[in-house]
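J.: Generate a structure from the sequence data that follows.
(chains A and B)
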Amino acid sequence: MRSLNLHLKVLITLLVALGVLITAYQIFILGIPVTEDETDDLWNIDARVEFQATPREPVKLQMFVPPLNQDYVSLNESFISNNYGVSVNRVDGNRRVTWSARRASGKQTLYYRLVLTKRYSGEQTPAKGPIFRDSIPVEGPEKIAAEALLAPIRQHSADVETFISETIKRVNNANDDNVKLLLGGDASTVNKAKVVELLLSIAHVPMERVHTIRLQAEVAQSPELWLRSFNGQKWLYFNPESGEQGLPADRLVWWIGDDDLVSLEGGRQAAVSFSLNNSEMNAIRLAKLTDENTDASFLEYSLYGLPLQTQQTFMIMVMIPIGVLVILILRNLGGLQTLGTFTPVLIALAFRETQLGFGIFLFTVITALGLSLRSYLEHLKLQMLPRLSVVLTFVVVLIAAISLFSHKLGLERGLSVALFPMVILTMTIERLSITWEERGGSHAFKVAIGTLFAATIAHLLMSVPELVYFVFTFPAILLILVGFMLAMGRYRGYRLTELFRFKAFLKD
Amino acid sequence: MFGLIKTWKALEAKGIMGINRRNADYVLKYNKRHLYPIVDDKIITKERAIEAGIDVPEMYGVIETEKDIDKLDQIIAGRNDFVIKPAQGAGGDGITVIADRFEDRFKTVSGKIVSHEELEQQISSILSGLYSLGGHRDRALIEYRVTPDTIFKSISYEGVPDIRIIVLMGYPVMAMLRLPTRQSNGKANLHQGAIGVGVDLATGITLRGTWLNNKISKHPDTTNAVDGVQLPNWDGFMKLAAGCYELCGLGYIGVDMVLDQDKGPLILELNARPGLNIQIANDCGLTHRAHAVEARLEELKAKGIQEDAEERVRFSQELFGHIVSKEV
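T.: As a prediction, the model looks like this:
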């Protein structure tokens, strides 16, 4: 007995550990969302390029597109253009699309569309960048102004990071005469960035321009300039206006470097406008989509890999153990009496089709009528099998009648009695009448109420959408359930009803 | 909630056995599934008992098929009273007790007159499985009608009182006298409203009883006190019950017996899942007693001794008997 207990304990521990591990792996390593409500932003970015083509001249337009090696995963990318050849190539960590045509005239419009999301990106490649650069040569008053500015910056900074942000802050101080001189009256961001670069270059700190798009829907925008520098371990991003460090989460790096967004040959007045919109998408569906676009194929061996029809069946099936667990708890811990173990679960499944309220009504009415017919048949002293056959036939007729009446009355609900609930109902009546014969009417009534109660609880639990999603997505949970059920198999404590049944012992 | 925990603790301290414990530690552990038919089928039980020399009501005949019903006359020829029972019936359903003949008809114990055809119809119902567990085909058993000893007259209402003894591995652990009431329609099943009266294992003197999960000390119909009655031939009952372990091989059973006016203690049937209300009747939990028996078994196993029925009865009587009745 003791070895059996040890065996059981080991088995339970193993199952629960396995269940917990697999589920934890799915949640924390694979990042599968825990609830279905978890949605992710799906960004739809359109870049629209317009220009006037010069007649009788080949057109070649190059535009940077996001390099997509960051936290974002592209779900779909398309280049929309008539009569243009399209090629995409990678240059220095940037991606550049080239549209080309032999001949074009008039106003031309090209589209680039990108759908992306910020999840499930693959491994980050270790960043690397330059940590030294030569100074940009400056002469005369500029040199003096630059040096005058750099002296306090050096004093107020400790490392590359603080040095750069201090520099940016100084450059943004419009009252500083040295800054005024260096800016030369042009206080645009581009010019400020240029001055920052100059100052940093004197200190041999390399700096790159980063052009970003803000992921914000329905706002007209143009690429925003950021500065970045490599500190030996990672890239540090700076806002050239405020000196604040760190790229906000809603920025998407479009391209890096000093080049313009578009370069055009055989045309003029190139202009790019961006429009963004976002939609929310069910996280798990999104995971599936990104799955196709990345190498992580973690959903392949989950239930989501099944055809949709089968998935729906499984969504019901994986909940059956939950229902059984409810019955187990109600019976062995609570002491509720039900018709067998599986009948309440089956009734709970039938409630799926009939809805709860109507299901209970139907169950009660048909079972009551079926049982009253049974007790009438008892007077006829029929044998068991013929009597049950009569009862079952009667149930079918009764259900047909209810369906017909409710249909005539315009209640479509009555038609919801499909084949499945009907089979369950007839089975219930049969089992109930056997109970009636064996244990008497009051016991049968008690059992019927217990069954209905258990079925209701099971149904309510089995139709909690969050739970359905959770069990369906993390089926390893069922292993934990099995562990619990095994433990219940050797539970010797009292049932709740027994505490009342044996109350007489406490009276004296 | 707090009250429930207190109840739990108190019940546990008294060693009250719950259904889960009974099933896990006793029924599942000691009762081999394949032996169940021996206790589920009264005919097999009876045959085994006769082989083992244990007293049972005499079997007049068995009717197995519809065609066999013709043999009924032959079986009951020359007998005025007999009992017709389904072999696999539960809860006392389907039992017809004929007390006398009345011209060409029969008279049941309750005085109802039934015709020969009605009797045949009843047997046909039994054969079709009307009363058997799960509705299987069944056999009908015709046997000796037990006449209860007059000792029960004062504390019983109609029907046949019986004595149930819980036997663990051949050791009687608890005993109860079951008395039919008006509410139970003469049946001796506690859940149908019969009362259970605890019995001192050593002396056979009744203790107080239980009725519908309550403790009582008087019979609800006769209002006579149920305690302090000396059951005759008590050691006979105890030996009979202890011997049932060898008879069926099941380690945890409830043995139902009757006391016949002429033939003394007789075994009626065995139950592989005896109910727990016997604890209320005895005002005592089963768990401690069962543990004591299990400890005894361990001890004997270590010594390599096997006790016979008489020794087991003596052990149980010494350990569990001589209860000093508490005054209410």
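J.: Quick one: residues contacting B:R79.
T.: By Cβ atoms under 8 Å, 6 or more residues apart in numbering or on different chains, the contact set of B:R79 is B:Y60. C-beta here means a position set from N, CA and C on the backbone, and glycine is covered the same way.
J.: Does it belong to a helix, a strand or coil?
T.: coil (DSSP: H, G, I helix; E, B strand; the rest coil).
J.: So what does it have for phi and psi?
T.: phi -110, psi 140 (degrees, to the nearest 10).
J.: And B:R208, by the same measure?
T.: Dihedral angles (degrees, to the nearest 10) for B:R208: phi -80, psi 180.
J.: Measure how buried it is and give me the count.
T.: B:R208 has 21 neighbouring residues, counting by other Cβ atoms under 10 Å in any protein chain shown.
J.: and the stretch 151-300 of chain B, which residues reach chain A?
T.: By Cβ under 8 Å from any Cβ of the partner chain, the residues of the stretch 151-300 of chain B that approach chain A are B:191-192, B:210, B:213-215, B:279-280, B:283.
J.: Any quick PyMOL command for the buried ones out of the residues you listed?
T.: Of these, the buried ones can be selected in PyMOL as follows, counting by 16 or more other Cβ atoms under 10 Å in any protein chain shown:
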select buried, chain B and resi 191+192+210+215+279+280+283
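J.: Can you pull the poorly scored residue ranges out of the stretch 151-300 of chain B?
T.: For the stretch 151-300 of chain B, no stretch is flagged by pLDDT under 70.
J.: Mind jotting down where the helices sit in it?
T.: B:234-248, B:278-282, B:286-303 (DSSP state H, counting those that start in this stretch).
J.: list the buried ones in the longest one?
T.: When you say that, I think you mean helix B:286-303. Of the residues in helix B:286-303, B:286-290, B:292-294, B:296-297 count as buried by neighbour count, 16+ other Cβ under 10 Å.
J.: Dump those into TSV; add distance to B:A225 as well.
T.: As requested, those are exported to TSV (distance: Cβ to Cβ, whole Å):
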residue	distance to B:A225
B:L286	25
B:T287	29
B:H288	28
B:R289	26
B:A290	30
B:A292	30
B:V293	31
B:E294	35
B:R296	34
B:L297	37
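J.: between the residues you listed, which is nearest chain A?
T.: B:T287 (9.2 Å; Cβ to the nearest Cβ).
J.: can you give me the strands in the stretch 101-250 of chain A?
T.: A:106-117, A:208-214, A:224-230, A:235-238 (DSSP state E, counting those that start in this stretch).
J.: JSON lines for those strands, including mean pLDDT?
T.: JSON lines is the format used below for the strands of the stretch 101-250 of chain A (pLDDT from 0 to 100):
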{"stretch": "strand A:106-117", "mean pLDDT": "84"}
{"stretch": "strand A:208-214", "mean pLDDT": "86"}
{"stretch": "strand A:224-230", "mean pLDDT": "84"}
{"stretch": "strand A:235-238", "mean pLDDT": "84"}
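J.: Can you say which of these is nearest to chain B?
T.: strand A:106-117 (48.0 Å).
J.: Just tell me which of the helices of the stretch 151-300 of chain B ends up closest to A:G106.
T.: Nearest to A:G106 among these is helix B:286-303; the distance by Cβ to Cβ comes to 97.8 Å.
J.: Now tell me what touches that closest one from outside.
T.: By Cβ under 8 Å, 6+ apart, the residues outside helix B:286-303 that reach it are B:15-17, B:21-22, B:25-26, B:166, B:168-169, B:171, B:173-174, B:276, B:278-279, B:306-307, B:315-316, B:319-320.
J.: Mind doing that once more with 6 Å?
T.: For helix B:286-303, the surrounding residues in contact (Cβ atoms under 6 Å, 6 or more residues apart in numbering or on different chains) are B:15, B:17, B:168-169, B:171, B:173, B:279, B:319-320.
J.: just checking, what packs against the helix or strand following it?
T.: On the C-terminal side of helix B:286-303, the closest following helix or strand by DSSP states H and E is helix B:309-320. With contacts defined as 3 or more Cβ pairs under 6 Å, 6 or more residues apart in numbering or on different chains; DSSP states H and E, helix B:309-320 has these neighbours: strand B:171-179, helix B:234-248.
J.: and the angle for the first one with helix B:286-303?
T.: Strand B:171-179 runs at 150 degrees relative to helix B:286-303, counting by axes from the mean of the first three to the mean of the last three Cα atoms, to 10 degrees.
J.: Note down every partner strand of strand B:171-179 and its orientation.
T.: strand B:162-168 (antiparallel), strand B:195-199 (antiparallel) (DSSP bridges).
J.: From the chain's centre, how far out is that strand? Work that out for me.
T.: Centre-to-centre, strand B:171-179 and its host chain are 9 Å apart (Cα atoms, centre = their mean, to the nearest Å).
J.: my read: B:M59 touches B:Y144, true?
T.: No. Contact status for B:M59 versus B:Y144: not in contact, 7.7 Å apart, counting by Cβ atoms under 6 Å.
J.: Pull up the residues of chain A that are close to chain B.
T.: With the criterion set to Cβ under 6 Å from any Cβ of the partner chain, chain A comes near chain B through A:381, A:383-384, A:438, A:490-492, A:494, A:498-499, A:501-502, A:504-506.
J.: Since that was my last question, I'll sign off now.
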